[in-house]
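Visitor: Provide a 3D model corresponding to the input given below.
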Amino acid sequence: MLEYRNSLRRALPSLLCFTLASGFSRIVAAAESTNFVTPVSIEHLVQNPADLFDLEGKTVRFTPSGDGSYKVETISGVHLIQCNRLLKNEDASGPAYANGWSVPIPFSFPFGDKKWNHLYVNVNGNISFEQPESAYWPERDPWADGGMCSVAAAIDSRSVAGMEKMIAVFWGNNTLPKTSRMSFRTNRNSIAITWNVSRMPWGQAVSGENTFQARLYSSGVIEFAYPKIAERDGIVGLFPGKAVAGKQLAHWVSNATAVDPSVDIDSADVYDAGSVLDLAITMKHDALTNVDSGSLEYGCSINHDGWKDPVSVSVSDKQSMSCWLLCEPLTGGWHIEGHRVDMFVSKVLLAGCQTCSVAWGTAWRGKPGRFTGSGDDLPPFDMSHVSPGTIKLSQAHEAHSGNIFEVFHYPVITRSSERLLKSIYQKEPPQDDIALVFTDFRIDDLFGKGLGAGAVNFSIQGIGEGNANPRSTKDIGSTNLQMSISPVWLGSAMFDETGTFDDGVKWFNFAQAVNWITHECMHRWGLDMSFINPATGKKEKLTDNNSHWREELDTTAMFPVGDMFQEQKGLGKSVIGGFSWFENADHTYSESNYSYGIPGGLSALDLYVMGLLPPEKVPPTFILENFKQLEWNKFEGTPVQFKIADVIAAMGERKPASAEAQKVYQMRFYIAREPGRDPDPAMVERAQKLSVIVADFFSRATGGVMKIVPSGSVVSEKKSTIQQRTRGRRRRRLNNTGT
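Guide: Numbering: from 1, shown residues only. Sure, this is the predicted structure:
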């Protein structure tokens, strides 16, 4: 590894020469301008207005009726039963962010058409029955861009499908284990459970401690009491998992003859089914519940509010569902039995939708020709009179069936920046290479983060299949766009200008925000990289399944930028993964002592895939094979050093090569608001400061090769090259004529 470090040091002088030689490959006008920010108003920006928590100082009571419904009452005033048994962290199951405790109860409690003698108290403010919440977490994990509405939708639809049952007292997400206290008390006819909890500081600022209690009685009565709630968003209600038969909203009969019985659709229907829409496909033969190769997809496309979003159940050796109507967790509930496939979509995801249409299809991926579908021209159906999926608990005084809940949330907007950019580009010229959309008001977003860029518009060979065949964004009005990430609220804690981590490290210059933005922008180049391992001669991945550099890969920053964000010294890693590894005296390996939330810079491999470093300037690096953790920050592994030639042998040459690759990028930060008011000046000012730091990061982390300028201040490289060639031909013609 010492050889690698020395090669990196030797490379720096020549890299700097390369920087000076290639930093002006575009014609730049108004190069000193740093006005990157444009406030914009967007019609219909908010899909679902805020519904903030209003039950503090109240008690909600659910009284069961004989038909499986519950009478709901909200009563002013709170009394708490003193709980005497503390739930200890060492007795919990599951990860800290989804801890659950198994608690016996001394009576049979009726819920969801069953009687229970034990339950699970979960740290996230809920009670489950078959399993602790940690078992369900993969199906409701909101990372990275989820909100209360998307989580509630996943719980709702999965419950209707019979996949889980839950009592949500105050589902609040990622409760802080160190300061959380859960306790309970039982007697012959009741159990009381009290939560004193605070949220994890993982995005939004923590408002304070929340205290609430659930009481379950042998009669089936359930009570929630809320003496003190600091947070204003959460999920409250019952998810007993009882499906509700509803009105048929749409019906389609297939007239096609499928090439294979496995994809032969007879008909399809949409039903209003309580808190969900039931999207039902009826096959002419029994629907397959597993296949031994490829994947069989029963699906549909929901056309709502001018957008089409897919919902499908995929069958292979197992079954799964994907629902793209909002944001993470992008899942739902389904049921396959006989000829019928039911996909349940929570109405929470379609709040405010007036009309809707559904196109149907079934396809066996991996079996050419096995497809049948309806096409996209089915008539829409009216959603304006469809019963809402949630109730207003503070005003409820009647009986309800099925799932009975309210989602308390901040305003909901689409988490697709491209959908917002389509509206923006109807008013603003679509000149951006990098377009980031922020709101100046808080939205339904748990982490203040979101998903990143992908390969769009411009093909790049030699850095992965996705970049070789990028998708187009022509439909949103731009063919220039290359980087855009999920819209977020600029006022969240992650966008603070300064702060201190738990370990005492102080940071400045928007370190956390820059770390997220640059990480997500880097996804524009993949990552999907491999190399030929010189030790084995075999092709191996350098990237993981989430398009990041593998943890075992040394991605020490070529041009460290730590001093931009902290006073402590340290050698950082690439913002998109890997680590800066060093070897200990006992030949084990440790990560460099560099704060995870501070941007470290970009590695030589990053600069290569970005087209900013020619292959002959890329120093060798190494990856730790046979990687194994021994203890905290101590790992064993066999270092395998490799060169860029080993990468090219696996991937092919990068085209365009670095000499022709783009070096100057036009960037714009859009501050979105609804029409009728001025933008928040504090958020505009914050955006301006942040944008300058982001531009400076890319300049410094690339040794000055990459330049970010405000959109509209640069002539495109393609035009620049054409102009230069035209001027060259003109000079040759003039010389040839002797003029």
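Visitor: tell me what the helix or strand hosting Phe224 is packed against?
Guide: Per DSSP states H and E: Phe224 is located in strand 222-228. Where contact means 3 or more Cβ pairs under 8 Å, 6 or more residues apart in numbering; DSSP states H and E, strand 222-228 is packed against strand 58-64, strand 166-171, strand 210-217. To be clear about C-beta, it is placed using only N, CA and C from the backbone, and glycine gets the same treatment.
Visitor: Identify whichever of those strands lies nearest to Cys327.
Guide: Judged by Cβ to Cβ, the one of these that comes nearest to Cys327 is strand 166-171, at 16.7 Å.
Visitor: can you list the residues that contact the closest one?
Guide: 111, 124-129, 133, 151-152, 155, 159, 193, 195, 210, 212-214, 216, 222, 224, 226, 229, 234-239, 405 (Cβ atoms under 8 Å, 6 or more residues apart in numbering).
Visitor: if we can go back for a sec, neighbouring strands of the next helix or strand after the strand holding Phe224 in the sheet, and parallel or not?
Guide: Next helix or strand after strand 222-228 toward the C-terminus (DSSP H and E): strand 234-239. Partners of strand 234-239 in the sheet, by DSSP bridges, are strand 166-171 (antiparallel), strand 404-408 (antiparallel).
Visitor: Give the rounded mean pLDDT of strand 234-239.
Guide: Strand 234-239 carries an average pLDDT of 98.
Visitor: Throw the strands paired with strand 234-239 into TSV and include mean pLDDT and distance to Gly77, thanks.
Guide: Formatted as TSV, these follow (pLDDT from 0 to 100; distance: least, Cβ to Cβ, whole Å):
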stretch	mean pLDDT	distance to Gly77
strand 166-171	98	18
strand 404-408	98	19
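Visitor: Mean neighbour count and distance to Asn584 added to these, as TSV?
Guide: Formatted as TSV, the strands paired with strand 234-239 follow (neighbours: other Cβ atoms under 10 Å; distance: least, Cβ to Cβ, whole Å):
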stretch	mean neighbour count	distance to Asn584
strand 166-171	27	44
strand 404-408	25	50
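Visitor: Format the ones you listed as CSV; extra columns: distance to Thr414.
Guide: Below are these laid out as CSV (distance: least, Cβ to Cβ, whole Å):
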stretch, distance to Thr414
strand 166-171, 23
strand 404-408, 17
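Visitor: Which residue ranges of the stretch 451-600 of the chain form strands?
Guide: 488-489, 499-500, 506-507, 530-532, 539-541, 549-554, 577-579, 581-583, 589-591 (DSSP state E, counting those that start in this stretch).
Visitor: As PDB, could you dump the C-alpha coordinates of the longest one?
Guide: The C-alpha coordinates for strand 549-554 follow below in PDB (Å, rounded to 0.1, in the frame of the first residue of the first chain):
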ATOM      1  CA  TRP A 549     -17.700   1.900  -4.700                       C
ATOM      2  CA  ARG A 550     -17.200  -1.300  -2.700                       C
ATOM      3  CA  GLU A 551     -16.300  -0.700   0.900                       C
ATOM      4  CA  GLU A 552     -13.100  -2.700   0.500                       C
ATOM      5  CA  LEU A 553     -11.800  -0.400  -2.300                       C
ATOM      6  CA  ASP A 554      -9.300   2.300  -1.500                       C
END
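Visitor: List the buried residues in that strand.
Guide: 549-554 (16 or more other Cβ atoms under 10 Å).
Visitor: Domains in this protein, by residue range?
Guide: 2-42+414-710, 58-241+390-408, 248-382 (automatic domain parsing).
Visitor: To Pro49, which of these lies closest?
Guide: domain 248-382 (8.3 Å).
Visitor: For that closest one, what is the spacing between the initial and final residues?
Guide: Chord length of domain 248-382, first to last residue, is 11 Å (Cα to Cα, to the nearest Å).
Visitor: just stretch 613-625 next, same as before
Guide: End-to-end for stretch 613-625, by Cα to Cα: 26 Å.
Visitor: Run through the residues that contact the residue nearest to Ala363 when sequence neighbours are not counted.
Guide: Nearest non-adjacent residue to Ala363, counting by Cβ to Cβ, 6 or more residues apart in numbering: Phe371, 4.3 Å away. Residues near Phe371 by Cβ under 8 Å, 6+ apart: 258, 263, 361-364.
Visitor: if we can go back for a sec, go through the strands of the stretch 451-600 of the chain and name the closest to Lys643.
Guide: Lys643 lies closest to strand 530-532 among the strands of the stretch 451-600 of the chain, at 8.9 Å (Cβ to Cβ).
Visitor: Return the list of helices and strands in contact with the closest one.
Guide: strand 539-541, helix 644-651.
Visitor: circling back to that earlier point, kindly reformat the domains of the chain as CSV containing distance to Asn48.
Guide: Below are the domains of the chain laid out as CSV (distance: least, Cβ to Cβ, whole Å):
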stretch, distance to Asn48
domain 2-42+414-710, 8
domain 58-241+390-408, 7
domain 248-382, 4
